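Visitor: Could you look at this predicted model? Sequence included:
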Amino acid sequence: MVKREKKFNEKLMKAVDRVLNETFGEASLLIYTYLESQSIKREEIPERLEAFANCLKSFSAGGSVVEAMILRNLYSGFGLEFKQDFDSYNFTDQVAKLRCSL
């Protein structure tokens, strides 16, 4: 894996962990358990982003809020401001866009 991509994936996982832990506390372990029940291991999230996003969507409207929080945190980790566009908002597209722009 290219060093730049590895660094991006590490920052992505830090953002996911931070948001889930800050939002759900110890219950974040239940979310990771749910992901594993859907055959998504925590460390696979960067490579299986679409499947991760689909799992978040199973939490109804709360999933979109968590996605936005993760994006805000991820952008911040690169010193950027995330500007949410509800008309064309798509979690996986936004992550891909950021990944390509760095």
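Guide: Alright, I've got the coordinates.

Visitor: what about Phe59, which SS state?
Guide: coil (DSSP: H, G, I helix; E, B strand; the rest coil).

Visitor: The nearest residue to it once chain neighbours are set aside: how many residues sit nearby?
Guide: Nearest residue to Phe59 in three dimensions, chain neighbours excluded: Val66, at 7.2 Å (C-beta to C-beta, 6 or more residues apart in numbering). Every C-beta, even on glycine, is put in place using the N, C-alpha and C of the backbone. Residues lying near Val66 (other C-beta atoms under 10 Å) number 21.

Visitor: Next: Glu36.
Guide: Counted with other C-beta under 10 Å, Glu36 comes out at 12.

Visitor: what about it, distance to Ala27?
Guide: Taking C-beta to C-beta, to the nearest Å as the measure, Glu36 falls 15 Å from Ala27.

Visitor: What residues does Leu102 make contact with?
Guide: Arg4, Phe8, Phe78 (C-beta atoms under 8 Å, 6 or more residues apart in numbering).

Visitor: Local confidence estimate at the closest residue to the last one other than its chain neighbours?
Guide: Yep, that's Phe78 we're talking about. The shortest distance from Phe78 to any non-neighbouring residue, by C-beta to C-beta, 6+ apart, is to Leu102 (6.5 Å). Per-residue pLDDT puts Leu102 at 83.
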